[in-house]
Each structure stands twice: as C-alpha cells, then as structure tokens.
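Chemist: need a structure here:
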Amino acid sequence: MKRLAAAACATFALVAGTAQAQPPIGFSVSSGPRPAASQVALPSASTPNSPGGVSVPVSFTTPPAQPQRLSVAELRPLWQQAGIAYGIPWQVLAAINKIESNFGQNMGPSSAGAIGWMQFMPSTWLRWGTDGDGNGLADPWTAVDAIYSAARYLAAAGGQTDIERGVFAYNHADWYVKEVLDLAHVYGQAGPAETAGLQHLQASLDAARTRVVAANQAAVAADLTASRLRKRAQKLHTKAEEIELLSDRLAAEKRAVLFDGRVHAAVVRAEAAHAALGQAEDGLRSARQSASAPSFAPGVGTLMGAPAYSSGYVFPVGGGPQVVSVGHHHHDYPAADIAAPDGSPLYALADGVVESAWQGIDPRCGIGFTMRAFDGQVWTYCHMAYREPAVEVGAALHAGTPVGLVGSTGHASGPHLHLQLQPATSYPQNQAWFQGFAGVAFRWQDAATPLRSLQAVSDVSPAPTRFFAVVDDPAPVIGFTR
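Modeler: Now for the predicted structure:
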C-alpha cells in the first residue's frame with residue numbers, strides 16, 4: 001500500500017515504559033500540556049494484561065444507562081495524549097474512533113459482541129483494556145480508557161515505527177488500512193476546528209437523507225391511501241347508479257357523497273405529505289452542496305457517501321467497504337444484493353437513459369427503475385427507499401448522478417440495493433468493473449476483500465497469534481479472537 005508523505009522524525013519518550021521510537025511515517029507525534037489521564041502509570045504495550053490483572057466494571061459488556069457523550073473538541077486531547085503515551089499518531093486514533101463508533105454515537109454491542117468507543121470484543125478487552133483515567137477500572141464505555149487501550153494495542157502491533165502495520169493488525173484488510181490512514185491524513189491537515197466541521201457536515205448530510213426517507217415513506221403511504229379511497233368511492237357511485245328504486249338510489253348516492261369527503265381529506269393529506277417531501281428534498285440538496293467540496297478528499301468522500309469512479313463506471317452504492325457489502329451470488333437467480341444502511345446514497349452506475357421508473361411499491365421490487373447504460377446493458381435498481389424526481393422515463397443520467405437512497409421497500413429482508421441485468425442472464429459481480437471496486441467501494445461478504453498476507457504482522461511482539469479478525473456482518477465491526 002502506498003505510504004503517505006514523510007513527516008517529522010523527532011524522537012520522544014513513552015510514558016508507558018516502552019523504548020524510544022521514531023514517529024511513524026506520514027504523521028508526527030506532538031507534545032503539549034497533558035490532561036490528568038496522562039499522569040497515570042500506564043501498562044506497557046509490550047505485554048498484555050495477565051489473567052485477572054485488570055479490573056473492569058461488573059457488567060462491562062452492557063452499555064451504561066446513560067452512555068458517555070463527548071464532542072470532537074473534548075475527544076481531541078484524549079487522542080493526543082494517548083498517542084503521546086504509546087507513540088501513536090493522534091490522527092490515527094481519531095480516525096479509528098470515527099470509523100468504529102462514529103465518535104461514540106454507535107458503541108454497540110454490535111451483532112458480533114464488540115463494545116465501546118473503540119469496538120473491542122470482551123475477551124480482548126480483558127487482555128488489552130487499560131485504565132486510562134486512573135479510577136481503578138478499565139471501562140470500554142469510557143472514552144479515555146478505550147482510546148488509551150487502542151493506542152496500546154497499535155503500539156504492540158508495531159505502530160510506533162510502522163503505522164500501516166499497526167492499523168493492519170487492528171483489522172486485517174488493506175481497504176481498512178487505507179480508509180483509516182486517508183481519514184487520519186485529512187484530520188491532520190484540517191486541524192481540530194475543521195475536524196469538528198467535517199463531523200457536523202456528515203451529521204447534517206445523514207440527517208437530511210433520513211428526513212427524505214421518512215418523508216417519502218409518508219408520501220407513498222398517503223398516495224396509496226388516497227388511491228384506495230378513490231377506488232372505493234368510484235364503486236359506491238357506480239353501485240348507486242345501478243339501483244332502480246329511487247329511494248334506495250338516493251340513499252346510496254348520499255353514502256357515496258359522504259364518502260367523497262373522506263377522499264378529499266385523504267387527497268389533502270397526500271398533498272401535505274408531498275409538500276413536506278419537497279422541503280426534505282430541498283434540505284438534502286443543500287446538505288449535498290455543503291459537503292461537495294470536502295468530499296473530494298480521500299477518506300472524507302467515503303464518510304460522505306460520495307460516488308467511487310473507475311473506467312467510466314461508478315459503484316451504485318456509496319459509503320465504502322466499512323458499511324457496504326455484497327456476496328458473489330444471489331439466492332435464486334443472477335443478481336447482486338448490495339447491503340448498506342438505510343438511507344445510503346445510490347448513484348447511476350454509468351452514463352445511460354432511464355427506460356422505466358415507478359414510485360409506487362412494486363410487490364417484488366419495491367421502489368426502483370431501469371436504465372440502459374452506454375454499452376447497451378440494461379440495469380434494474382430495486383428496493384429503494386427513495387427515488388430522485390429527476391429519474392424518470394427518458395431522462396439522461398451521467399455516471400455518478402444521485403438516483404435515490406437505499407431502503408427495503410417491496411419484498412426485502414433488510415436494507416439493500418437489488419441490482420440485476422435485464423434479462424438476468426449473468427451476475428453483475430462477475431463483471432470486471434464491479435470486481436474492480438472490491439476493497440474500494442464495498443467488501444465481499446463471502447471472501448477476502450482482498451486480504452494482505454498476515455506474514456507482515458505475524459512477528460508482532462508480544463503475541464505471535466492473531467488477536468484481531470475481520471467479522472463479515474451486515475453491521476461491520478472489528479471482531480477480536482484469541
């Protein structure tokens with residue numbers, strides 16, 4: 001993997017009792033006033049905790065009733081001082097903190113059992129958990145303890161002299177190393193204020209997408225209700241016209257007219273729902289515009305869900321391999337089910353023209369559309385939570401044009417994009433352009449994505465065995481094994 005440009009090479013002393021080391025290539029380890037946590041006698045990175053050698057909360061695998069919440073400004077001194085203590089760039093700790101728990105917003109437990117600010121498995125926490133704040137407990141739900149523990153492990157994995165090696169030990173995947181180091185580089189270049197600004201931009205963009213999904217769901221439901229009531233009203237009027245006895249006909253017409261009032265109310269509600277959807281769409285456009293400039297930076301683009309381009313193609317789902325995954329085979333016929341969180345952005349995979357589009361919920365496909373790409377291939381997108389208004393029959397799409405948001409409409413077991421060719425004679429995953437995005441825009445669910453040889457970290461002191469393993473899961477986590 002390509003290394004980042006070399007930075008300062010001053011030596012520094014480690015509080016944790018490890019030997020002096022050179023700062024990792026690409027980052028510098030700064031000094032400065034230390035918070036109280038850095039005055040604690042920290043355990044060495046050269047040896048994991050002995051059995052029973054660390055005290056943890058009684059229910060340390062269960063999140064506290066009121067999880068700790070810290071701002072980026074409050075977290076930055078923790079990253080810096082933990083980095084100083086163990087010889088790890090603070091930017092790398094910040095990037096891992098962001099990728100693993102979104103700065104404490106998603107601390108689990110994950111479906112694999114990972115917990116806390118830096119997503120440790122409980123068994124690994126017992127080996128590497130660190131009492132960073134000196135209160136006598138190593139608590140993964142406390143930011144200072146979790147961040148110092150991550151710094152300690154990275155140092156044990158060789159991160160003091162080779163940060164790529166340390167991050168690779170944290171998660172044995174090249175794409176993860178690149179994602180962490182790209183984001184760390186952005187944080188180092190941007191500074192603390194800009195780092196907080198990027199977090200605000202992403203939060204605003206995610207919130208705008210969520211509002212659009214909810215508003216579109218309400219609008220679709222309102223349209224469906226209004227349509228059903230119209231059909232029922234039509235039947236009432238038709239039935240009234242067929243009644244021969246005048247008194248009965250008048251009574252039936254009265255019922256039909258009264259029912260028309262319900263239809264009118266439903267139409268008004270549908271119009272209001274569409275007005276709310278329009279406001280949500282305006283908010284999403286504004287959030288996209290604000291995020292467009294920083295999205296060009298490697299690392300930031302993945303967080304913002306920006307499109308990934310290659311050889312005239314774009315991967316249709318944004319978000320990167322940390323959250324986007326796909327298997328090599330569909331369950332019953334050639335297609336790709338690309339798993340991603342609700343509201344993840346969808347893009348036109350190539351230049352092309354829309355051949356059909358539907359807003360109502362198709363029982364099998366949900367909300368979706370079909371487009372003919374520049375090379376003549378016809379592609380169908382299914383199960384969308386929202387389709388952009390511009391994606392209509394006859395519209396010309398350019399590769400990377402936003403076309404909607406991921407959802408689970410129709411017959412879907414969870415949020416994903418169902419992508420298939422028309423006719424479905426071959427798997428999209430077998431096409432070269434699709435495979436070229438592995439490890440860049442998505443990870444394989446059923447294969448390596450791709451994995452670098454573990455020999456690079458097999459001689460890490462103190463433990464030659466593998467402690468950290470990638471767990472393929474709909475909600476990506478870092479799994480830890482003995």
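
Chemist: what residues are bridge-paired with C382?
Modeler: Counting by DSSP bridges, C382 is bridged to H418.

Chemist: so what's it up against?
Modeler: Going by Cβ atoms under 8 Å, 6 or more residues apart in numbering, C382 touches 362, 364-366, 368, 410, 412, 417-420. From N, CA and C alone the C-beta is placed, and that goes for glycine too.

Chemist: could you redo the last one with a cut-off of 7 Å?
Modeler: Going by Cβ atoms under 7 Å, 6 or more residues apart in numbering, C382 touches 365-366, 368, 410, 418.

Chemist: got it, and F374?
Modeler: For F374, the contacting residues are 350-352, by Cβ under 7 Å, 6+ apart.

Chemist: can we see that at 10 Å?
Modeler: Applying Cβ atoms under 10 Å, 6 or more residues apart in numbering to F374 gives the contacts 312-313, 350-353, 398-399.

Chemist: can you pull out the low-pLDDT segments for the stretch 1-150 of the chain?
Modeler: The model of the stretch 1-150 of the chain has pLDDT under 70 over residues 1-39.

Chemist: nope, the stretch 301-450 of the chain is what I was after
Modeler: 450.

Chemist: can you give me the helices for it?
Modeler: 432-435 (DSSP state H, counting those that start in this stretch).

Chemist: tell me which residue is most central in the chain.
Modeler: In the chain, the residue lying closest to the centroid (Cα atoms, centre = their mean) is V323, at 4.3 Å.

Chemist: that one and D206 touch, don't they?
Modeler: No. Look at V323 against D206 with Cβ atoms under 10 Å: they stay out of range, at 11.6 Å.

Chemist: identify the contacts common to these two.
Modeler: Common neighbours of V323 and D206 (Cβ under 10 Å, 6+ apart) are 305, 341, 344.

Chemist: next, format the residues you listed as JSON lines and append distance to P64.
Modeler: Output for the shared contacts of V323 and D206, formatted as JSON lines (distance: Cβ to Cβ, whole Å):
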{"residue": "G305", "distance to P64": "31"}
{"residue": "P341", "distance to P64": "25"}
{"residue": "S344", "distance to P64": "29"}
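
Chemist: of those - the most surrounded one?
Modeler: Using other Cβ atoms under 10 Å as the neighbour test, the shared contacts of V323 and D206 are led by G305, with 29 neighbours.

Chemist: roughly how far apart are it and A297?
Modeler: 14 Å (Cβ to Cβ, to the nearest Å).

Chemist: same question for Q189.
Modeler: 8 Å.

Chemist: go on, L417?
Modeler: Distance, L417 to A297, by Cβ to Cβ: 25 Å.

Chemist: so between those two, which is more surrounded?
Modeler: Neighbours per residue, other Cβ under 10 Å: of L417 and A297, the larger number sits with L417, 25 against 19.

Chemist: ok, the more buried one touching G407?
Modeler: Yes. Counting by Cβ under 10 Å, L417 touches G407, with 8.9 Å between them.

Chemist: which residues do the two both contact?
Modeler: The contact sets of L417 and G407 overlap at 340, 344, 346, 368, 382-384 (Cβ under 10 Å, 6+ apart).

Chemist: contacts only, for M371.
Modeler: Counted by Cβ under 10 Å, 6+ apart, M371 has contacts 348-357, 377-381, 391, 395-397, 403, 422.

Chemist: just the ones of these in strands?
Modeler: Of those, the ones assigned to strands by DSSP state E are 352-357, 378-381, 396-397, 403.

Chemist: widest-spaced pair of these?
Modeler: T380 and A396 (17.8 Å; Cβ to Cβ).

Chemist: compare these two (neighbour count), which wins?
Modeler: Neighbour totals were compared for T380 and A396, and T380 leads with 18 against 12 (other Cβ under 10 Å).

Chemist: so for the more buried one, what's the nearest residue that isn't a sequence neighbour?
Modeler: Leaving out its chain neighbours, the residue that sits closest to T380 by Cβ to Cβ, 6 or more residues apart in numbering is T370, at 4.6 Å.

Chemist: my guess is that neighbour meets Y381, correct?
Modeler: Yes. Counting by Cβ under 10 Å, Y381 is a contact partner of T370 at 7.7 Å.

Chemist: shared neighbours, these two?
Modeler: 357, 420.

Chemist: which one of these two has more residues nearby?
Modeler: Counted by other Cβ under 10 Å, T370 and Y381 do not tie: Y381 has more neighbours, with 28 against 19.

Chemist: quick one: the more buried one from P64, how far?
Modeler: 41 Å.

Chemist: E100 now?
Modeler: Distance of E100 to P64, given as Cβ to Cβ: 18 Å.

Chemist: more crowded one of the two?
Modeler: When neighbours are counted by other Cβ under 10 Å, E100 and P64 differ, and E100 comes out ahead with 28 against 13.

Chemist: what sits against that one?
Modeler: 106-108, 110, 114, 116-120, 146, 150, 170-171, 180, 322, 476-478.

Chemist: weed out the non-buried ones from the residues you listed.
Modeler: Buried by 16 or more other Cβ atoms under 10 Å: 107-108, 110, 114, 116-120, 146, 150, 170-171, 180, 322, 476-478, out of these.

Chemist: okay, and which of those map to helices?
Modeler: Secondary structure from DSSP state H places 146, 150, 170, 180 of the buried ones among the contacts of E100 in helices.

Chemist: circling back to that earlier point, V92: which of the contacts of F374 is nearest?
Modeler: Set against V92, the nearest of those by Cβ to Cβ is Y313 (31.6 Å).

Chemist: for that closest one, which non-adjacent residue is spatially closest?
Modeler: Y313 sits nearest to W433 (Cβ to Cβ, 6+ apart), 4.1 Å away.

Chemist: so the one you found makes contact with W379?
Modeler: No. Here W433 does not reach W379: they are 11.9 Å apart, not a contact under Cβ under 10 Å.

Chemist: what touches both of the two?
Modeler: By Cβ under 10 Å, 6+ apart, the residues touching both W433 and W379 are 349-350.
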